[in-house]
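*Asks:* have a look at this prediction, sequence included:
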Amino acid sequence: MNNWFSIEKIDEDTYSISEYGHYEKMHSYLLIGKDKAALIDTGLGIGDIREEVRKLTSLPVVVITTHAHWDHIGGHALFDDILIHEADEAWLVNGLPLPIDIIKSNVIREPFTRELPEGFSIDNYKVYRGKPSMSLKDMDTIDIGLRKITVLHTPGHSPGHICLLEEDRGYLYSGDLIYEGILYANYPSTSPVDFKASVDRVSKLDNIKRILPAHNSLNIDVEIIEEMRKAFISIESNGLLRQVGGTFEFDNFAIRL
């Protein structure tokens with residue numbers, strides 16, 4: 001039996017589907033509503049995430065994409081109903097502005113620490129391309145039946161990056177905006193200024209009880225948002241809020257510009 005994915009229960013009808021065998025320690029999230037289920041991101045595309053979802057629900061599944069980077073859309077081809085913010089839609093349709101050989105080298109950059117799923121070969125690795133079933137805008141609401149998810153446009157890591165707020169439960173699904181580890185705003189398609197503004201925005205949200213990030217530890221203190229806000233202020237006050245080719249280290253995270 002392959003154990004590429006780890007399923008962890010967040011609450012009675014919310015699960016993380018994690019890929020701890022890869023150095024990125026990627027998390028997707030399954031939210032089960034009354035009428036349908038929402039899958040936030042589909043991971044690396046190394047294993048069949050649809051099979052894991054079907055272990056947990058038989059409801060129709062809508063995929064909500066935090067952003068169109070390869071490690072978040074790996075399983076998109078396994079689903080029919082895909083949502084993404086309009087500013088990242090072109091990447092989903094036309095492909096990332098990055099050669100496939102570079103993406104493949106990133107996938108295998110560090111050794112896998114779990115047995116790979118049977119049949120996986122980096123030679124056959126592809127990055128999803130396709131037209132979404134719907135484009136998202138800031139403050140759109142996705143209703144899956146007795147659960148409502150609000151779209152927050154939080155650019156910086158990508159032009160169309162979104163966080164997702166489930167206000168009734170106090171959950172912030174933070175994608176690549178908030179997590180322990182290195183935050184990346186150093187690529188040509190990223191924006192340090194927008195990244196700071198997005199952290200500012202989520203720092204003003206009321207009643208966030210839990211952050212559910214896309215990478216690394218699932219158990220992070222909500223105070224990390226305020227720590228990141230102050231970190232960006234410090235960088236800006238030193239005139240360095242731009243792509244300077246450096247990494248700024250803080251207690252539980254780093255910011256690469």
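*Replies:* Arrived safely. As the structure is a prediction and not an experimental result, all values here were calculated from the model.
*Asks:* can you give me the helices in the stretch 51-200 of the chain?
*Replies:* 89-94, 100-107, 192-203 (DSSP state H, counting those that start in this stretch).
*Asks:* in the chain, which residue is most central in space?
*Replies:* Gly175 (3.2 Å; C-alpha atoms, centre = their mean).
*Asks:* and the helices of the stretch 51-200 of the chain: which comes nearest Ala231?
*Replies:* helix 192-203 (8.5 Å; C-beta to C-beta). Placement of C-beta: from N, CA and C, glycine included.
*Asks:* quick one: residues in contact with the closest one.
*Replies:* 152, 154-157, 161, 163, 172, 174, 177-178, 183, 185, 208, 225-226, 228-229, 232-233, 235-236, 241-243, 257 (C-beta atoms under 8 Å, 6 or more residues apart in numbering).
*Asks:* distance between stretch 172-186 and the chain's centre?
*Replies:* From the chain centre to the centre of stretch 172-186 is a distance of 8 Å (C-alpha atoms, centre = their mean, to the nearest Å).
*Asks:* same question, stretch 72-89
*Replies:* Distance, centroid of stretch 72-89 to centroid of chain: 12 Å (C-alpha atoms, centre = their mean).
*Asks:* okay, how far is it across that stretch, tip to tip?
*Replies:* 14 Å (C-alpha to C-alpha, to the nearest Å).
*Asks:* next, give phi and psi for Ile211.
*Replies:* Main-chain dihedrals, Ile211, degrees, to the nearest 10: phi -100, psi 130.
*Asks:* return the residues in contact with Tyr15.
*Replies:* 7-9, 29-30, 32, 56.
*Asks:* Phe79 too?
*Replies:* 39, 42, 50, 61, 63.
*Asks:* filter those residues down to the buried ones, PyMOL style.
*Replies:* Isolation of the buried members of the contacts of Phe79 (16 or more other C-beta atoms under 10 Å) is achieved in PyMOL through the command below:
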select buried, resi 39+42+61+63
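*Asks:* so which of the contacts of Phe79 comes closest to Phe248?
*Replies:* Thr42 (31.0 Å).
*Asks:* picking up where we left off before, so for Leu212, which of the helices of the stretch 51-200 of the chain sits nearest?
*Replies:* helix 192-203 (12.7 Å).
*Asks:* show me what counts as buried in the closest one.
*Replies:* 192, 194-196, 198-199, 201-203.
*Asks:* excluding covalently adjacent residues, which one is nearest to Lys131?
*Replies:* Val93 (5.5 Å; C-beta to C-beta, 6 or more residues apart in numbering).
*Asks:* that neighbour: neighbouring residues, count only.
*Replies:* 13 (other C-beta atoms under 10 Å).
*Asks:* check Gly43 too.
*Replies:* Neighbours of Gly43 (other C-beta under 10 Å): 26.
*Asks:* list the contacts for Thr113?
*Replies:* So Thr113 contacts 20-22 (C-beta under 8 Å, 6+ apart).
*Asks:* return the distance of it relative to His215.
*Replies:* 15 Å (C-beta to C-beta, to the nearest Å).
*Asks:* cool, Arg242 as well?
*Replies:* Using C-beta to C-beta, we find Arg242 at a distance of 24 Å from His215.
*Asks:* higher neighbour count, the two?
*Replies:* Between Arg242 and His215, counted using other C-beta under 10 Å, the more crowded position is His215 (23 against 13).
*Asks:* so what pairs up with the more buried one in the strands?
*Replies:* Beta-bridge pairing for His215 (DSSP bridges): Met26.
*Asks:* ok, back up a step: buried among the contacts of helix 192-203? Make that a ChimeraX selection.
*Replies:* Restricted to buried positions by 16+ other C-beta under 10 Å, the ChimeraX selection for those reads:
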select :152,154,155,156,157,161,163,172,174,177,178,183,185,208,225,228,229,232,235,241,257
